[in-house]
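Student: sequence plus predicted model, see below.
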2 protein chains.
Amino acid sequence: MVSVDEPANTRERLLEAAIKLLASNGPEGLQARKVASEIGASTMAVYTHFGGMPQLTEAIVREGFRRLDQQLSTVEPTRDPVADLFALGLAYRAHALDNPQLYRLMFGLSMPLPRRGTRRNLLTAAGVPTDLAEGQTAFQHLVTALTRVIDSGRTRKEDPKRAAAQVWSAIHGYVLLEIAGFFGRDGRGVEQVLQPLGISLAVGLGDTVRAATRSARAVQRRAVTFQGEGQPGNTTPRR
Amino acid sequence: MVSVDEPANTRERLLEAAIKLLASNGPEGLQARKVASEIGASTMAVYTHFGGMPQLTEAIVREGFRRLDQQLSTVEPTRDPVADLFALGLAYRAHALDNPQLYRLMFGLSMPLPRRGTRRNLLTAAGVPTDLAEGQTAFQHLVTALTRVIDSGRTRKEDPKRAAAQVWSAIHGYVLLEIAGFFGRDGRGVEQVLQPLGISLAVGLGDTVRAATRSARAVQRRAVTFQGEGQPGNTTPRR
DNA sequence: TCTCCATGGATAACATAGTTATGGCAGAAT
DNA sequence: ATTCTGCCATAACTATGTTATCCATGGAGA
């Protein structure tokens, strides 16, 4: 589980190279020739194993959601379900900030940039990403967390799914704005926006300001366990 | 103000055609040859008036923020600042849902992280993407609205900017997820997610459940004035 | 062992789309 | 009238996704 990925087969190496190129070069890095030459192969490898760039991109998105799911799974439940929810939010944010290009691609924000060359028809039908089905797994983490919050009596009775939808909206929006640089690049946004936002939502759902604040502080202490504060180049023991 | 746009000069016609093609064909529609031929010109027109496709895209983004600003400006303040904030949120959502491709493009272009040296660097002036600077105007609407909310005493004292950042995160995330289809395509997400989210945030900031709910209902009645419920092809008296 | 076939992949050609070089034409300036 | 300037049509150039073709390799079966 902690072992470094061995080369494996060509398909895996292509996918791995593509993800690396995406992270380092942005969507521009996702070019058949670049990806193929990265592993010393010709472009045909892409077509043999994926069918084309759209399918390779789709595979990247799927892998991105798989990794997000993994990261969210590392959040262990405690006695404080609200704190657990906050921890989930921090883990979500950590994944997105550590893989900003990937995160954007997962939600179709960067892909449709018209590449040169021929058509592409993956995420663009009507702005409807294929990836939504994959996103369900990430959403499920939130539903579970909110079910525990609601069942704990800290908040009002409410449909956990709808509450989770609210929380996901908030986190998703926050993360995208932070990636875009709107909250600065020093990771200050977490304490200035994300944490207050989490407290606001918890209180809005019925928790008390005191309790929510205390849970937020508790998570702050836990949080050092996760990724570095958004600064690239830190130790990222992903996978 | 209600007059149909006259052809105007070539630059305007190009921009207009590009926005139309973006809306109808998605990002695929943003091709130099297509845009130019749409107005019966050659691709050179794009280069004469914009410099290239990246600059044309940038102009589209700028126009998108301008229109968003216009739409948000139509929300008239009333005696109920919380209701006004909700109305602002609905107007924001209406703009995004009526122009989903444009909205995605507005936020999809900022990829400032890897700082590629040469290619398409026009959006990163000094590390801060241009589109974010434009986004400031939209953000300002929220700051103003939240200042009124906070000053009204309905919520706790708080920095309006930080509160606005929370609200923007929530709306932005909600809108993107709704565009992506996660909340269904029937516009149900507004009452099932956006409205509860707004109430949660208001309550989280200090308002009472009763008052926030009442404000939300008041806006619901006002809201019919805006766009149709996200269904494309309705009457959109923009500009 | 030899033959045959299937699979993966290299080479190269093709189509598309951004970009650029060139030149002409109309109207303004002199 | 001449010259100059700006707009833009034409066509060429380049990069990129895609496809056609062909070769190599390795396993199955005789």
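Tutor: Here it is on my side, so go on.
Student: from now on I want contacts and neighbour counts done on CA atoms only, so please keep to that.
Tutor: Noted.
Student: and the residue in chain A positioned nearest to chain B, what element?
Tutor: Scanning chain A for the residue nearest chain B gives A:Gly173, at 3.5 Å (criterion: Cα to the nearest Cα). Assigned by DSSP states H and E, A:Gly173 falls within helix A:160-179.
Student: tell me, what residue is most central in chain A?
Tutor: The centroid of chain A falls nearest to A:Ala96 when counting by Cα atoms, centre = their mean (4.2 Å).
Student: residues in contact with that residue?
Tutor: The contact partners of A:Ala96, by Cα atoms under 8 Å, 6 or more residues apart in numbering or on different chains, come to A:Leu102, A:Tyr103, A:Val175.
Student: compute the number of surrounding residues for the first one.
Tutor: What it means is A:Leu102. 26 (other Cα atoms under 10 Å in any protein chain shown).
Student: likewise the last one?
Tutor: A:Val175 has 28 neighbouring residues, counting by other Cα under 10 Å.
Student: I'd guessed it sits against A:Leu97; true?
Tutor: Yes: with contact defined as Cα atoms under 8 Å, A:Val175 counts as touching A:Leu97 (7.4 Å).
Student: quick check: closest non-adjacent residue to A:Ala170.
Tutor: Excluding its sequence neighbours, the residue lying closest to A:Ala170 (Cα to Cα, 6 or more residues apart in numbering or on different chains) is B:Ala170, at 4.0 Å.
Student: now do the one you found against A:Gly184, distance only.
Tutor: As judged by Cα to Cα, to the nearest Å, B:Ala170 and A:Gly184 stand 18 Å apart.
Student: could you do A:Ala218 as well?
Tutor: For A:Ala218, the distance to A:Gly184 - Cα to Cα - is 25 Å.
Student: more neighbours, those two?
Tutor: Neighbour count, other Cα under 10 Å: between A:Ala218 and A:Gly184, A:Ala218 has more, with 16 against 13.
Student: which residues does the more buried one contact?
Tutor: A:Ala83.
Student: need the three-state assignment for it.
Tutor: Assigned by DSSP: H, G, I helix; E, B strand; the rest coil, the conformation of A:Ala218 is helix.
Student: the helix-or-strand element of chain A with minimal mean pLDDT - contacts with which helices or strands?
Tutor: Sorting the helices and strands of chain A by mean pLDDT, DSSP states H and E puts helix A:132-151 at the bottom, at a mean of 90. Counting contacts by 3 or more Cα pairs under 8 Å, 6 or more residues apart in numbering or on different chains; DSSP states H and E, helix A:132-151 is packed against helix A:53-73, helix A:81-98, helix A:160-179.
Student: minimum distance to B:Leu22: which of the ones you listed has it?
Tutor: helix A:53-73 (19.8 Å; Cα to Cα).
Student: how near is A:Arg214 to B:Arg148?
Tutor: Counting by Cα to Cα - A:Arg214 and B:Arg148 are separated by 29 Å.
Student: can you pick out the residue with more neighbours from the two?
Tutor: Neighbour count, other Cα under 10 Å: between A:Arg214 and B:Arg148, B:Arg148 has more, with 19 against 15.
Student: so what's the more buried one up against?
Tutor: B:Arg148 makes contacts with B:Pro81, as judged by Cα under 8 Å, 6+ apart.
Student: do the one 3 residues further on as well
Tutor: Residues near B:Asp151 by Cα under 8 Å, 6+ apart: B:Lys157.
Student: same thing with the one 3 residues further on?
Tutor: With contact taken as Cα under 8 Å, 6+ apart, B:Arg154 is in contact with B:Gly206, B:Asp207, B:Thr208.
Student: narrow those to those in strands?
Tutor: The members of the contacts of B:Arg154 all map outside strands under DSSP state E.
Student: where does pLDDT dip in chain A?
Tutor: Low-confidence segments of chain A, defined by pLDDT under 70: A:1-8, A:109-133, A:223-239.
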